[in-house]
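In: Sequence and predicted structure are below.
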Amino acid sequence: MKKEQLMELLNSMSLKEKVFQLVQIPGQYFLSGIADTGTKTDNSLTGEELALIGSTLGIYGLETTAEIQKRHMEEHPHHIPLLFMHDVVHGLRTAFPIPLALGAAFSPDLVKMCTSAAADESAASGLHVTFAPMLDLVRDPRWGRVMESFGEDPFLNAMLGRASVEGFRGGNGETPEKWRVASCIKHFAAYGAAEAGRDYTGADMSSRILRECYLPAYIEGVRAGADMVMSSFNAIDGVPATGNEKLLKETLRDAWNFDGVLISDWDSVGELVKRGVCSDLREAARLALNCGIDIDMCSFAYARHLEALVREGEVAKEQVDRAAFRVLELKNRLGLFEDPFRGATSTVERKKILSTANRALARKAVCECSVLLKNAGEQPLLPLASESKVAFTGPYVESKELHSAWAVSTDPEDTVSIREAAEELALSQGRSFIFAEGCTMTCREDLGPKSEERMVKYYREDTIPMQSVTTDVNMLKEAVAAAENADTVVVCLGEHRLMSGEGASRGELTLPKQQLELLKSLHSANKNIVSVIFTGRPLDLREVCELSRSVLLVWMPGTEGGNGILDLLIGAAEPGGRLSMSFPYCVGQVPVYYNHFNTGRPKPKNTKVPYYVSAYIDIPNSPLFPFGYGLSYTSFSVSGIKLSAEKTALQDSGSFGEIKAFASVKNTGLRRGQTLIQLYVSRPFAEALAPVKELKAFRKLALDPGEEKMIEFTIGNEELGHMGSDGKMHVVKGEYRIAIGLDSETEEWISLKIV
């Protein structure tokens with residue numbers, strides 16, 4: 001439909017019809033007939049109102065969506081189609097590794113392939129929009145939603161955010177192709193800075209930290225062509241994002257020229273009342289629309305009050321028109337006016353869901369995302385020797401729930417467990433495997449007392465025992481016996497999938513006690529321990545590392561988790577991941593991240609802690625595993641770092657041209673392998689502090705044993721600049737330092753002077 005026709009449609013609509021294009025409701029209203037003939041509550045809808053709704057969320061499947069769409073268009077006065085939106089965070093039916101794991105792959109191409117495959121399945125299932133990617137920078141692993149982010153680094157977040165948007169939209173940054181979906185960037189802005197790591201709390205920071213650390217990924221997502229942006233629950237400068245005019249209008253709309261659809265998070269318009277910013281839902285509706293929120297997700301503030309606000313002059317009719325037109329434009333870009341079903345058929349859906357290609361990609365992604373944290377000894381346990389007898393133990397041996405809490409459309413029955421993959425491998429290669437879980441899975445309900453009141457009473461009065469998970473003695477004995485009868489023990493441990501995700505904040509970052517008891521018992525029986533760790537967040541793995549010769553981090557790996565993990569264990573593939581978020585030594589360090597500011601009293605290296613320096617007296621400053629860290633099944637060295645020029649002039653235009661940085665990379669091990677070479681920059685003295693170092697480039701390199709290659713990076717304004725309030729990169733004169741290494745703790749610096 002041409003723009004002129006779309007405008008004619010808008011002008012033919014009544015005020016009520018326009019308002020209800022801005023209302024989003026849960027899919028259950030269409031599935032279970034919640035619509036009522038009266039208006040008993042704010043959340044009740046008449047049949048007439050239900051027919052006018054602009055979008056819905058939380059339902060998928062072509063048979064369901066097509067039936068609802070057909071009925072809706074018949075009942076709508078102008079036959080305007082519905083938008084179906086859904087949380088496709090790391091896959092629809094084929095679950096790929098969680099976004100934090102994809103961040104660890106350091107691969108825009110892999111992210112783009114996975115989101116493209118997810119879009120394929122989504123579009124074939126009748127969906128139009130996914131609430132992804134989440135581009136919140138994350139530094140606090142207590143926050144359960146770190147699993148949805150790409151990690152702690154602004155540069156990596158921005159790069160992978162762009163790739164994610166392009167993958168969902170079809171890769172061309174323009175009109176979404178058939179079998180693609182519109183993407184919705186969330187959560188704008190700085191939701192990942194939740195205080196104390198507790199979901200739905202505030203996030204307070206300086207405007208400079210917001211601009212330089214948290215905004216770059218959102219900016220890149222907008223530039224990549226994201227169709228929607230979602231406002232966050234938290235406040236910025238004390239003002240909730242959903243009612244923050246400076247954030248939504250001055251920054252997003254005006255400075256970044258975003259003209260797509262802006263949607264609230266679930267009931268975040270209604271929460272303007274609960275947070276004390278607005279006196280009632282009517283005032284909340286007025287504030288949200290005037291700040292630029294086009295779609296009210298599930299608060300019913302717009303449905304109940306927007307018409308009256310326009311009629312009484314508190315909201316301009318033009319505001320409603322602009323918002324409604326944006327929604328219509330999105331439907332038009334998706335081709336819904338020409339074909340509300342977008343060519344999807346049950347045959348196409350069956351072909352695309354869990355396709356052979358999608359499963360193969362998911363399996364490959366597991367290998368590229370997994371991080372080898374430890375592989376000690378002159379003869380490391382990994383990869384497993386073909387002749388060794390291996391005992392597989394731990395609660396994740398049998399589990400098929402290898403997806404996260406946000407893989408809401410994934411069926412565990414489609415998932416390949418570790419045992420299934422191992423048994424298939426044993427048959428095909430004649431390997432010797434035995435299985436014994438040793439303990440049951442610990443769920444979030446098992447972590448402590450049922451209520452805060454009971455917890456307080458326990459500590460204050462010492463009268464109510466803490467809730468605990470009882471160890472199954474027989475299961476433990478069976479696992480220990482298996483360990484005694486094996487050459488190597490592979491222990492599959494980790495968080496339950498519901499222990500991370502939305503509303504899943506944790507105050508402790510260790511594995512469940514029952515699993516640690518199992519690990520200790522197995523270690524007593526057999527010292528050849530390989531720990532495979534499943535998690536949605538960084539954990540305190542000190543005890544795991546002490547009791548294990550090898551530690552393989554597989555995150556929440558998804559549908560092909562079992563097959564991908566076995567590929568890694570036997571060496572058919574190499575763990576390609578490097579940490580995109582630091583793993584703390586203990587929770588007392590949190591938040592701990594590599595790109596922190598310098599201090600005037602730094603702790604001296606390799607000495608006891610003196611008085612009056614920035615340090616803990618009982619734990620180290622450094623994380624257990626830093627950002628960018630990860631091992632290979634071989635080893636690498638980086639040397640001979642040099643620049644094409646040690647000095648260059650800053651031009652009047654504010655640019656300095658380009659400098660080349662070089663380093664020699666050598667495979668010093670005994671087998672072919674791949675590593676990630678990372679370039680870091682330390683900016684010079686300025687009036688405002690700069691981070692001690694910042695990732696500015698990276699490159700993967702595969703080498704044969706003994707092979708050595710020169711690697712080259714280009715350094716320009718983007719690499720040396722800092723982001724100004726205008727959203728552009730600015731370079732200052734001074735001495736910059738460049739480091740090239742294997743993780744963020746590299747300290748071999750060379751200098752570059754900008755004069």
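Out: Cool, the structure landed.
In: I'd like the distance between residue 431 and residue 368.
Out: From residue 431 over to residue 368 the distance is 24 Å, taken as CB to CB, to the nearest Å. In this view, the C-beta of every residue, glycine as well, is placed from N, C-alpha and C.
In: Who has more neighbours out of the two?
Out: More neighbours sit around residue 368 than around the other of residue 431 and residue 368, counting by other CB atoms under 10 Å; the figures are 23 against 19.
In: can I assume the more buried one sits in a helix?
Out: Yes. Remark: residue 368 belongs to a helix, assigned using DSSP: H, G, I helix; E, B strand; the rest coil.
In: pretty sure it contacts residue 576?
Out: Yes. With contacts defined as CB atoms under 8 Å, residue 368 counts as touching residue 576 at a distance of 4.2 Å.
In: residues shared between the contacts of those two?
Out: Counting by CB atoms under 8 Å, 6 or more residues apart in numbering, the shared contacts of residue 368 and residue 576 are residue 105.
In: domain ranges for the protein?
Out: Domain ranges of the chain: 1-86+262-354, 364-579, 636-754, per automatic domain parsing.
In: Quick one: the ones you listed as CSV, columns for distance to residue 244 and mean pLDDT too.
Out: Formatted as CSV, the entries for the domains of the chain read as follows, by distance: least, CB to CB, whole Å; pLDDT from 0 to 100:
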stretch, distance to residue 244, mean pLDDT
domain 1-86+262-354, 6, 94
domain 364-579, 21, 91
domain 636-754, 17, 91
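In: Which one, of the ones you listed, ends up nearest to residue 205?
Out: Relative to residue 205, the nearest member of those by CB to CB is domain 636-754, separated by 13.9 Å.
In: What's the end-to-end length of the closest one?
Out: As for domain 636-754, its first-to-last residue distance stands at 32 Å under the measure CA to CA, to the nearest Å.
In: can you check stretch 411-419 too?
Out: According to CA to CA, stretch 411-419 extends 18 Å from its N-terminal end residue to its C-terminal end residue.
In: how about that stretch: buried residues?
Out: Of the residues in stretch 411-419, those scored as buried under the neighbour-count criterion (16 or more other CB atoms under 10 Å) are 414, 415, 416, 417, 418, 419.
In: now the strands for the stretch 1-150 of the chain?
Out: Remark: strands of the stretch 1-150 of the chain, listed N- to C-terminal, are 23-26, 55-57, 83-86, 129-130; assignment by DSSP state E, counting those that start in this stretch.
In: Present these as CSV; the columns should include mean neighbour count and distance to residue 599.
Out: Listed next are the strands of the stretch 1-150 of the chain as CSV, based on neighbours: other CB atoms under 10 Å; distance: least, CB to CB, whole Å:
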stretch, mean neighbour count, distance to residue 599
strand 23-26, 23, 47
strand 55-57, 23, 46
strand 83-86, 25, 45
strand 129-130, 24, 42
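In: mind checking which of those strands is nearest residue 168?
Out: With CB to CB as the criterion, residue 168 lies closest to strand 129-130 of the strands of the stretch 1-150 of the chain, at 6.1 Å.
In: Give the other helices and strands that the next helix-or-strand element following the closest one contacts.
Out: Where DSSP states H and E defines the elements, the next helix or strand beyond strand 129-130 is helix 154-169. Taking 3 or more CB pairs under 8 Å, 6 or more residues apart in numbering; DSSP states H and E as the contact definition, the neighbouring helices and strands of helix 154-169 are helix 99-104, helix 108-124, strand 182-188, helix 215-223, strand 694-703.
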